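A.B. asks: fold the stuff below for me.
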Amino acid sequence: MTDERHEKTPLIRISKRENMSKTNIWLIRLAAFAFALFLSCFVFMTAGANPIEAYQTMISGALGKKSGLRQVIKVATPLLGTALALAPCFKMKFWNIGAEGQITIGAMAAAFFAINFGKSWSSPILLITMGIGAMIMGAIWAGIPAAFKARWKTNETLFTLMLNYIAIGIVGWLQGGPWEGKKGSQVIPNFADAAVLPKVLGVHCGWIIVLILVVFIFVYMNYTKHGYEISVLGESENTARYAGMNVMKITVRTACVSGAICGLVGFMVASGANQTLYADVADGVGFTAITVAWLAQLNPFAMVIISVLFGILSKGASSLQTAMGVPSSVSEIIKGLLLLSLLGCEFFINFKMTFRGHEAKKSKEEA
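C.D. replies: Residues are numbered from 1 along each chain as shown. Have a look, this model is predicted:
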């Protein structure tokens, strides 16, 4: 009888883990980070580089000089801003995969004012108008799928994803049509000086705006009525309705807040980093920011650290290519290993595995 029961018992039983301390959670995440660095050593060796020298080159290239540090901030700024934008939607369980399009459409709105009024308006008025226009267009672009989701239960993942390509297509048409500079160039002219964000410490002032947004999103999600409604709706739509909440209003409002911040990021990228507009203005930030938000567990302050880490990897990769002849694609592999390890460790945080022998031993001890 015992042998028959033993055969029916699974070799490994997975169960939900409860009440793990924050200390242990962060220890597991640090162990996952160390494991990713260990695996990356084999990637460097395969590329013919000494792992220790490679890591030193990446760190010194990204943080050793002011120019490298500025590049890190330049990369981290839109990434952090977009991750912050996605946080309210994800907490509400509204899967906004359209940040790429919302950034693009926001940049397009900002470019409209830069192109048409760059030489006639004063810089403060022009920049404020560009920012507001970008936020409005980003909010509209995110509000459309949210309204359909709330009213007709459409799939917001596919809806927001498809809108990305529409936004990119519109800018591509403008780039080779009405807003094209020299005929046949497929290039929109650079913005006038009045339409360019001023620099602070060598980087456009968008990084200051994003740091303000960190505090805003933290307070908004944790200490406001809107944040509470987002949390309740994310846990259960039925509970939200039972509590008398207007689900459609909350869904559309939250998506519009998310889209407005993405639009603002588009304005900062177009006006501050690129000083012009082109179809690939978002440059994949909308998708990478999903990972940043997920790794940070929607914590705005943790997003700062992760965004900076991505910036270091990006800048460090170019330093590797220059100093050691290592292909820049190696950084993408390292980034992938890092993401895989950090996302994979969440399994061990949320679940525990019990092996057959250990379970039998525990049963005997209890008997």
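
A.B. asks: which residue is nearest the middle of this protein?
C.D. replies: With the centre of the chain defined as its mean C-alpha position, the nearest residue by CA atoms, centre = their mean is Ala289, 1.2 Å away.

A.B. asks: ok so that residue is a helix residue?
C.D. replies: Yes - going by DSSP: H, G, I helix; E, B strand; the rest coil, the assignment for Ala289 places it inside a helix.

A.B. asks: need the contact list for the nearest residue to it once chain neighbours are set aside.
C.D. replies: In space, not counting the residues next to it along the chain, Ala289 is nearest to Thr82; the distance is 3.6 Å by CB to CB, 6 or more residues apart in numbering. (Each C-beta comes from the backbone N, C-alpha and C, glycine too.) Contact criterion CB atoms under 8 Å, 6 or more residues apart in numbering gives 99, 103, 261-262, 265, 285-286, 289, 292 as the residues in contact with Thr82.

A.B. asks: okay, and Thr82 sits in which element?
C.D. replies: Assigned by DSSP states H and E, Thr82 belongs to helix 66-91.

A.B. asks: near Pro327, how many other residues are there?
C.D. replies: The burial count assigned to Pro327 is 12, neighbours taken as other CB atoms under 10 Å.

A.B. asks: residue boundaries of the strands in this structure?
C.D. replies: In chain order, the chain shows strands spanning 12-16, 199-200, 203-204, 351-355, with DSSP state E as the criterion.

A.B. asks: between strand 12-16 and the last one, find me the angle.
C.D. replies: Spelled out, it's strand 351-355. Here strand 351-355 runs at an angle of 150 degrees relative to strand 12-16 (axes from the mean of the first three to the mean of the last three CA atoms, to 10 degrees).

A.B. asks: the closest residue to Gln321 other than its chain neighbours and Phe44: what is the separation?
C.D. replies: Counting by CB to CB, 6+ apart, the nearest residue to Gln321 once its immediate chain neighbours are dropped is Ser328, at 4.7 Å. Going from Ser328 to Phe44 by CB to CB, to the nearest Å gives 13 Å.

A.B. asks: these two: who's more crowded?
C.D. replies: With neighbours defined as other CB under 10 Å, Ser328 and Phe44 compare such that Phe44 has more, 22 against 14.

A.B. asks: backbone dihedrals for Leu197, both of them.
C.D. replies: Summarising the backbone geometry of Leu197 under the convention degrees, to the nearest 10, its torsions are phi -60, psi 140.

A.B. asks: and the nearest residue to Ala85 once chain neighbours are set aside, what does it touch?
C.D. replies: In space, and not counting its chain neighbours, Ala85 is closest to Ile261: 3.6 Å by CB to CB, 6+ apart. Applying CB under 8 Å, 6+ apart, we find Ile261 in contact with 81-82, 84-85, 135, 138, 213.
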